[in-house]
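# Sequence plus the predicted model coming up.
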Amino acid sequence: MKTPIYMDYHATTPVDKRVLDAMLPYFSEKFGNAASRQYSFGWIADEAVESSRAMIAKLIGAQTREVVFTSSSTESNNLAIKGIAEAWRQKGNHIITVQTEHKSVLDVCKRLEKYGFEVTYLPVDSDGVLDLQQLFDTFTPKTILVSVMTANNEIGVIQQITEIGKMCRQKNVFFHTDATQAIGYLNMNVEKMNVDLMSFNAHKIYGPKGIGALYVRNANPKVKLAMQMDGGGHERGMRSGTLNVPGIVGLAKAMELCSIEREVEVGRLSFLRDKMYTTFKSELEEVYLNGSHEQRLPHNLNLSFLHVDNNALMMSMKDVALSTGAACSTADPEPSHVLKALHLPNEQLHSAVRFSLGRFTTDEEVDYVIHRTIENVQKLRKLSPHYHKFAETTI
């Protein structure tokens, strides 16, 4: 076993060799621009794009023309939310989202507020789950969009997307979901889930960075988006820019592999995650799970080890790659906005660590991380006056 051990698969994933092999020809001998329609180089690239688009559409229960390629989930979220806001401004100016969304949704909503839009940021319960009755009561005649992520990137909590989709359909309001963390682990079918727009990317599912997609419903109801990038009119006018052909091929291959291997992989990761959790609970006191245990992605484990500073814990075991939250927020010393939304006690906020497992996580690595974590939590607690005070009160 080699160290350091990577256990931050929510941040990104290594490219699977099978994905890389599928992509490689499109960097060299098949390098054409898919928009060049006058010669075979362009035709070959275009064929790769369209066959990949068809594959992705099939895997999410969509029509081929409903898949729009972007550079990332952040761009997809921007295009979905700003695109709806601008195109449907005459109908209304109210958007509903959730306090635990990724910054690429929350910051877009904050920007729209500066232009006169009204945004409701719904709270979640202590498990991170959205109250559907509260959502129902929040709709107004001016509501044009609901945006709720399928599964949270920090605590892995899965929202009730199908029920939210039904509600939005009844209210004649568009429904967007950021499925970035879920697409590799859940069976996402946009028809069955009544989703109108869905963001996802490749690098969370063993594909390359720099490629994402947005599903945009074309009928029942047809979703009209205002373009956010002017240029050559690519992607049916919704996203201009030369298509990233190797990335698109990689995204399709990555999604295909996840679909084929999902059932076995979900079972394997759930077992390893639960093994970590039960061992920590049995070997250490004052360990708390953040987020729902039942409505949770199989590879997510967000735990607070009370009386231990989370940054000190991570620094004490540099041979293991962990995180306190979203990769985009690691420079921010403040506790995660997701954990704050759960109304956790202050000490639980500052002792939270995210373990995220993946396709290349082995049993041996899990055992090693369990051992290293227990060892270092015990060491750090010996130095903690808070822990000594706690220990004295429990004698």
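On my side now, so go ahead.

# From S356, how far off is G83?
Distance, G83 to S356, using Cβ to Cβ, to the nearest Å: 30 Å. C-betas here are computed from N, CA, C, even on glycine.

# Could you pull up phi and psi at V146?
Main-chain dihedrals, V146, degrees, to the nearest 10: phi -120, psi 130.

# From V129, how far off is it?
With the distance defined as Cβ to Cβ, V146 ends up 16 Å from V129.

# Same check on K281?
Counting by Cβ to Cβ, the gap between K281 and V129 amounts to 22 Å.

# Please apply the same query to G61.
25 Å.

# Return stretch 356-374 as CSV; C-alpha atoms alone will do.
This file holds the C-alpha atoms of stretch 356-374, laid out as CSV (Å, rounded to 0.1, in the frame of the first residue of the first chain):
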residue,chain,number,x,y,z
SER,A,356,-15.1,10.4,0.9
LEU,A,357,-14.3,7.0,-0.6
GLY,A,358,-14.1,6.0,-4.2
ARG,A,359,-13.5,3.4,-6.9
PHE,A,360,-9.9,3.0,-6.0
THR,A,361,-10.3,2.9,-2.2
THR,A,362,-9.2,-0.5,-0.9
ASP,A,363,-10.0,-2.4,2.3
GLU,A,364,-6.4,-2.0,3.3
GLU,A,365,-6.5,1.7,2.9
VAL,A,366,-9.7,2.0,4.9
ASP,A,367,-8.1,0.0,7.8
TYR,A,368,-5.1,2.3,7.7
VAL,A,369,-7.2,5.4,7.8
ILE,A,370,-9.2,4.1,10.7
HIS,A,371,-6.1,3.3,12.6
ARG,A,372,-4.4,6.7,11.9
THR,A,373,-7.5,8.6,12.7
ILE,A,374,-8.1,6.9,16.1
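
# Residues in contact with that stretch: which ones?
1, 3, 5-11, 13-14, 16, 156, 206, 261, 265, 269, 272-273, 275-276, 279-280, 283-284, 299-301, 305, 313, 317, 319-320, 323, 355 (Cβ atoms under 8 Å, 6 or more residues apart in numbering).

# what do you get for stretch 299-309?
9-10, 154-156, 185, 269, 273, 276-277, 280, 284, 286-291, 313, 344, 347-358, 373, 377, 380-381, 384, 386-387, 390.

# To what extent is M167 buried, counted in neighbours?
Look at M167: counted by other Cβ atoms under 10 Å, it has 18 neighbours.

# In this structure it contacts L135, no?
Yes: assessed by Cβ atoms under 8 Å, M167 is found in contact with L135 at 6.7 Å.

# Look at K281 and V129 and report which has more neighbours.
The neighbour comparison of K281 against V129 (other Cβ under 10 Å) goes to V129, with 18 against 13.

# I'd like the distance between that one and G291.
In this view, V129 and G291 are 9 Å apart by Cβ to Cβ.

# Need the overlap of contacts for the two.
Contacts common to V129 and G291, judged by Cβ under 8 Å, 6+ apart, are V157.

# So what's the residue count around S36?
Residues lying near S36 (other Cβ under 10 Å) number 14.

# Report the spatially nearest residue to it, omitting neighbours in sequence.
Of all residues not flanking S36 in the chain, G42 sits nearest, at 3.1 Å (Cβ to Cβ, 6 or more residues apart in numbering).

# Please tell me how far the one you found sits from G128.
In this view, G42 and G128 are 47 Å apart by Cβ to Cβ.

# who's more crowded, these two?
More crowded of G42 and G128, by other Cβ under 10 Å: G128, with 26 against 15.

# Does the more buried one touch S336 like I think?
No: at 11.5 Å, G128 does not count as touching S336 under the criterion of Cβ under 8 Å.

# Helices of this protein, residue ranges please.
With DSSP state H as the criterion, the chain has helices at 17-23, 40-60, 73-87, 103-114, 132-138, 161-171, 245-283, 310-316, 337-341, 346-349, 363-382, 385-394.

# How about the contacts made by the residue nearest to the spatial centre of the chain?
In the chain, the residue lying closest to the centroid (Cα atoms, centre = their mean) is Q181, at 3.0 Å. Contact analysis of Q181 by Cβ under 8 Å, 6+ apart lists 10, 149-153, 156, 204, 297.

# if you set the cut-off to 7 Å instead, what comes out?
Shown in contact with Q181 (Cβ atoms under 7 Å, 6 or more residues apart in numbering): 10, 151, 153, 204, 297.

# Check what pLDDT it gets.
pLDDT for Q181: 98.

# Next one: it relative to A48, how far apart?
According to Cβ to Cβ, Q181 stands 27 Å off from A48.

# One more: Q38?
For Q38, the distance to A48 equals 17 Å [Cβ to Cβ].

# With L357 instead?
Taking Cβ to Cβ as the measure, L357 falls 32 Å from A48.

# And V173, by the same measure?
Between V173 and A48 the computed distance is 36 Å (Cβ to Cβ).

# ditto for L20
Going from L20 to A48 by Cβ to Cβ gives 15 Å.

# neighbour count winner among these two?
When L20 is set against A48 and neighbours are counted by other Cβ under 10 Å, the residue ahead is A48, at 23 against 16.

# Contact partners for that one?
A48 neighbours (Cβ under 7 Å, 6+ apart): 26, 30, 245, 249.

# hang on, isn't the last one packed against L24?
No: shown here, V249 and L24 do not form a contact pair, counting by Cβ atoms under 7 Å, at 9.4 Å.

# Looking at the two, which one has more neighbours?
Set V249 next to L24 and count neighbours by other Cβ under 10 Å: V249 wins out with 27 against 14.

# Next one, pLDDT for that one please.
Confidence for V249, expressed as pLDDT, is 98.
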